[in-house]
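>>> Could you work out the structure for the sequence below:
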Amino acid sequence: MDFYHQDPKTVRQMIREGKITSPTSGMCAGYAQGNLVVLPKEYAYDFLLFTQRNPKPCPVLEVSDVGSREFPLTAKGSDIARDIPRYRIYEHGELKGEYTDVSKFWREDLVSFLLGCSFSFEAPMIEEGIEVRHITLGCNVPMFITNIQCKPAGIFHGPMVVSMRPIPYEKVVKAVTVTERLPQVHGTPIHIGDPAHIGIKDLQKPDFGDPVPIHEGEVPVFWACGVTPQAVAMQVKPSFLITHSPGHMFITDVKNSQLGG
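Residues are numbered from 1 along each chain as shown. Sure, this is the predicted structure:
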């Protein structure tokens, strides 16, 4: 089935029914996708402050009411616990497992944060004639933990995660221009070129996602990534955390055109 041209409600329903468990890159072109962070209320203020101080990796699209499983502003009728293809659960910084449904873990004290995702700007890039390598190959985007430290807030502190896409030299300016229009889904790249400069040793060994080849005449371009809270969680070790599994996003009903800065 061609999910690129499918509408978000249909895809979310298929995810809820367990018919889609794969990464969501390339699905529902034109609609914003989001990273998920679910924390107990006791951590919510600190994390909200963390997102405000680190808008590049953590641009907030919506925050749920306490205990609610719906994002009513960006996806009315959604179920946060079932509408993502694959979730991760951390306890005290330790990954406890991956699940396609986290309903049985839901608690009345949980607050959910929806953060902008770079998958949202991939369709505009493709429309401008820029190949998105992981979509071409049908795999997940490569993501890396960097040596760039986020600005701390409360208990939260740690490194920024980036996603990488190989871009032909002559199209780098166009890629920057396209993503600049969408600051709520990470906006412009945070680094272009030598990965060692931001602490990445080997582009073929990503910390999350899958490696992709970089062809002659291409340069690696790095965007801030919403997997950053997972890297931070492994360092800060909150008692309980639910996130999306890297590359498996929440697809909203919001058009990318509504997110322009």
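>>> Quick check: Glu127 vs Pro72, distance?
According to CB to CB, to the nearest Å, Glu127 and Pro72 sit 30 Å apart. Where you see a C-beta, it was placed from the backbone N, CA and C, and this is true even at glycine.
>>> Do I have it right that Ser112 meets Leu36?
Yes. Look at Ser112 against Leu36 with CB atoms under 8 Å: they come within range, at 6.7 Å.
>>> what's the burial count for Ile15?
A total of 25 residues lie near Ile15 under the criterion other CB atoms under 10 Å.
>>> On the three-state scheme, the nearest residue to Lys76 once chain neighbours are set aside is what?
Nearest residue to Lys76, sequence neighbours excluded (CB to CB, 6 or more residues apart in numbering): Asp253, at 7.0 Å. Secondary structure for Asp253, judged by DSSP: H, G, I helix; E, B strand; the rest coil, is strand.
>>> do Ser163 as well
Secondary structure state of Ser163, per three-state DSSP, is strand.
>>> just the helices in the stretch 51-200 of the chain please.
Using DSSP state H, counting those that start in this stretch, the helices found in the stretch 51-200 of the chain span residues 122-127, 133-137, 172-180.
>>> mind giving me JSON lines with those helices and columns for mean pLDDT, distance to Arg86 and mean neighbour count?
Converted to JSON lines, the helices of the stretch 51-200 of the chain look like this (pLDDT from 0 to 100; distance: least, CB to CB, whole Å; neighbours: other CB atoms under 10 Å):
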{"stretch": "helix 122-127", "mean pLDDT": "89", "distance to Arg86": "19", "mean neighbour count": "18"}
{"stretch": "helix 133-137", "mean pLDDT": "93", "distance to Arg86": "16", "mean neighbour count": "17"}
{"stretch": "helix 172-180", "mean pLDDT": "95", "distance to Arg86": "26", "mean neighbour count": "17"}
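>>> Next, the contact list for Pro40, please.
Residues in contact with Pro40 (CB atoms under 8 Å, 6 or more residues apart in numbering) are Arg107, Asp109, Leu110, Val111, Pro238, Ser239, Phe240.
>>> Which pLDDT does the model give the third one?
Spelled out, it's Leu110. We have a pLDDT of 98 for Leu110.
>>> Check the gap between the residue nearest to it when sequence neighbours are not counted and Phe113 for me.
Leaving aside its sequence neighbours, Leu110 sits nearest to Val38 (CB to CB, 6+ apart; 5.3 Å). Taking CB to CB as the measure, Val38 falls 7 Å from Phe113.
>>> Then Phe121?
Taken as CB to CB, the span from Phe121 to Phe113 is 20 Å.
>>> repeat for Lys237
Distance of Lys237 to Phe113, computed by CB to CB: 18 Å.
>>> More neighbours: those two, which one.
Between Lys237 and Phe113, Phe113 has the larger neighbour count (other CB under 10 Å), namely 25 against 14.
>>> which residues touch that one?
If you count contacts by CB under 8 Å, 6+ apart, then Phe113 has Leu36, Val37, Val38, Leu39, Phe47, Leu48, Thr51, Val60, Glu62, Val63, Ser64 around it.
>>> Swap in 10 Å and give it another go.
By CB atoms under 10 Å, 6 or more residues apart in numbering, the contact set of Phe113 is 34-39, 44, 47-48, 50-51, 58, 60-64, 71, 226, 229, 243.
>>> Pro159 now?
Each residue near Pro159 by CB under 10 Å, 6+ apart is listed here: 57, 144-150, 198-199, 207, 228, 231-232, 234-235.
>>> Buried subset of those residues as a PyMOL selection?
This is how PyMOL selects the buried members of the contacts of Pro159, with burial counted by 16 or more other CB atoms under 10 Å:
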select buried, resi 57+144+145+146+148+150+198+207+228+231+232+234
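>>> least confident pick among the contacts of Pro159?
Ranking these by pLDDT, Met234 lands last with 86.
>>> Quick one: residues contacting that one.
Tyr90, Gly93, Glu94, Leu95, Ile145, Gly158, Pro159, Leu241.
>>> The second one contacts Val236, correct?
Yes. The criterion here is CB atoms under 10 Å, and Gly93 meets it with Val236 at 6.9 Å.
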